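Participant: got a predicted model here, sequence first, then my questions.
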Amino acid sequence: MAKQTSFREIRYSEKRQKILDNAAKLFAQKDYENVSLEEIGAKLKLNKASLYQYFRARMRFFLIQMQVIEQANVALEKVLESESNPKEKLKEAVKSHVKIVTSNNR
């Protein structure tokens with residue numbers, strides 16, 4: 001029997017995802033090295049101590065970048081597997097990459 005997720009766990013997961021989404025936007029705008037924890041929490045009205053409740057170390061935000069890289073790799077694999085000519089493949093690869101990068105910068 002599957003364990004039922006509690007309301008508290010759902011709220012925690014939703015808040016964690018909001019933090020990740022906000023961090024991803026900031027990283028896309030300013031690069032990872034130029035973003036502080038205070039900046040990440042500011043939009044969500046969270047201080048640094050509150051962020052640590054969701055992420056034990058700043059390096060965990062690195063996971064966001066890895067998610068975007070994974071999305072880009074999957075999209076590129078689809079382009080490479082297509083029957084298009086090399087010029088069209090390049091065009092599609094660039095379009096998919098731009099779409100992925102800009103979708104994390106809304």
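Facilitator: Everything's here; your move. Residues are numbered from 1 along each chain as shown.
Participant: what about residue 46, how many neighbours?
Facilitator: Other residues near residue 46 number 20, with proximity taken as other Cβ atoms under 10 Å. Every C-beta, even on glycine, is put in place using the N, C-alpha and C of the backbone.
Participant: equivalent analysis for residue 99, please.
Facilitator: Applying other Cβ under 10 Å, we find 12 residues neighbouring residue 99.
Participant: cool, residue 102 as well?
Facilitator: Residue 102 has 10 neighbours, counted by other Cβ under 10 Å.
Participant: which non-adjacent residue is nearest residue 16?
Facilitator: The shortest distance from residue 16 to any non-neighbouring residue, by Cβ to Cβ, 6 or more residues apart in numbering, is to residue 54 (4.8 Å).
Participant: wait, isn't that neighbour in contact with residue 14?
Facilitator: No - counting by Cβ atoms under 8 Å, residue 14 is not a contact partner of residue 54; they are 11.0 Å apart.
Participant: neighbour count: the two, which is higher?
Facilitator: More crowded of residue 54 and residue 14, by other Cβ under 10 Å: residue 54, with 17 against 10.
Participant: biggest helix in this structure by residues?
Facilitator: helix 7-30 (DSSP state H).
Participant: by contact count, what packs against whichever helix or strand comes after that one?
Facilitator: For helix 7-30, the succeeding helix or strand toward the C-terminus, using DSSP states H and E, is helix 37-42. With contacts defined as 3 or more Cβ pairs under 8 Å, 6 or more residues apart in numbering; DSSP states H and E, helix 37-42 has these neighbours: helix 7-30, helix 48-54.
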